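Visitor: structure, please.
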Amino acid sequence: MLDIEVIEDPAAAEASLDPIRTRILQELAEPGSATQLAAKVGLPRQKVNYHLKALERHGLVELVEERRKGNVTERVLRATAASYLISPVALQSVAPDPRRFADRFSAFWLLALAGRMVQEMGKLIAGAAAARQKLATFAIDGEITFRTAADRAAFAEDLGVAVTRLVDQYHHGGAGGRKHRLVVALHPALKPDAQDSTKTIPAKEQDND
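Guide: Prediction:
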């Protein structure tokens with residue numbers, strides 16, 4: 001099971017966005033059967049089976065084992081990943097393209113860069129997994145509080161100078177090197193009441209599907 005799987009296929013993305021199937025994927029972080037899932041999500045086993053077949057068809061769940069019980073074969077499945085992200089590739093014709101513009105102070109350019117990162121990392125992770133190799137990456141995540149907007153602008157300028165100096169120091173322009181993508185981002189942190197805008201749909205509400 002992957003920690004995160006990036007979904008590129010539009011049909012798979014559509015299947016994963018169904019609230020019931022999202023709940024099933026969540027429950028299948030640990031292997032389970034349709035009977036076990038039915039008790040957890042509050043739906044008939046036949047309906048759970050219908051959703052499982054759709055998720056399996058799109059490669060979002062996988063068979064772990066089959067258990068024979070009398071004349072019945074119970075299939076035990078699990079999600080292919082602990083978490084999922086939908087790649088901009090799933091919306092290829094309308095996905096943001098960072099090459100259209102390059103404005104260091106544009107929130108939309110930052111978002112386009114983030115979308116490209118999801119797309120590229122999804123492909124790199126899949127390739128590394130297929131080759132049974134580790135993927136060399138590095139990231140820094142933190143928070144900084146600025147006293148004034150002028151301080152923020154000064155920090156951004158100093159950061160740009162420092163990164164440019166490091167790039168000039170380590171960049172190898174000749175043949176034989178491996179190109180790497182470098183993205184540096186700075187944006188306001190979300191306020192506490194906006195941190196979690198998603199809510200789990202109760203089983204009773206999901207029964208209407």
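Visitor: next, count neighbours for the residue nearest to L186 when sequence neighbours are not counted.
Guide: Closest residue in space to L186, ignoring its immediate chain neighbours: A156 at 6.1 Å, by CB to CB, 6 or more residues apart in numbering. Quick note: C-beta positions are derived from backbone N, CA and C, even for glycine. A156 sits with 15 neighbouring residues when counted by other CB atoms under 10 Å.
Visitor: cool, and R165?
Guide: Neighbourhood size, R165 [other CB under 10 Å]: 10.
Visitor: and for A34?
Guide: Neighbours of A34 (other CB under 10 Å): 22.
Visitor: can you check the one 10 residues further on too?
Guide: With neighbours defined by other CB under 10 Å, the count for P44 comes to 11.
Visitor: hang on, it packs against A38?
Guide: Yes - contact criterion CB atoms under 8 Å: P44 and A38 qualify, at 6.3 Å.
Visitor: buried residues in stretch 145-160?
Guide: By 16 or more other CB atoms under 10 Å, stretch 145-160 has no buried positions at all.
Visitor: if you could redo that for stretch 95-104, that was the one I meant.
Guide: Those would be P96, P98, for stretch 95-104 by 16+ other CB under 10 Å.
Visitor: show me the domain layout of this protein.
Guide: 2-85, 99-192 (automatic domain parsing).
Visitor: I'd like to know which elements the helix ranked longest in the chain is packed against.
Guide: Scanning the chain for the helix with the most residues, using DSSP state H, yields helix 107-130. Identification of packing neighbours for helix 107-130 by 3 or more CB pairs under 8 Å, 6 or more residues apart in numbering; DSSP states H and E yields strand 2-7.
Visitor: please, where are all the helices along this protein?
Guide: 10-16, 19-27, 34-41, 45-57, 107-130, 149-170, 203-206.
Visitor: who touches the fifth one?
Guide: In this case it means helix 107-130. Outside helix 107-130, the residues within contact range by CB atoms under 8 Å, 6 or more residues apart in numbering are 2, 4-6, 8, 85, 87-89, 95-98, 100-103, 134-135, 137, 181, 183, 185, 187.
Visitor: again, only using 7 Å
Guide: For helix 107-130, contacts defined as CB atoms under 7 Å, 6 or more residues apart in numbering pick out 2, 6, 8, 85, 87-89, 95-98, 101-103, 134-135, 181, 183, 185, 187.
Visitor: by how many degrees do that helix and strand 2-7 diverge?
Guide: Following axes from the mean of the first three to the mean of the last three CA atoms, to 10 degrees, one obtains 120 degrees for the angle between helix 107-130 and strand 2-7.
Visitor: average pLDDT across helix 107-130?
Guide: Averaging pLDDT along helix 107-130 gives 92.
Visitor: before we move on, what about the shortest one?
Guide: Taken as a whole, helix 203-206 has an average pLDDT of 44.
Visitor: ok, for the residue nearest in space to the middle of the chain, nearest residue in space, not its chain neighbours?
Guide: Centroid-nearest residue in the chain: L85, 2.3 Å away (criterion: CA atoms, centre = their mean). Distance criterion CB to CB, 6+ apart; nearest residue to L85, sequence neighbours excluded, is V6 at 5.0 Å.
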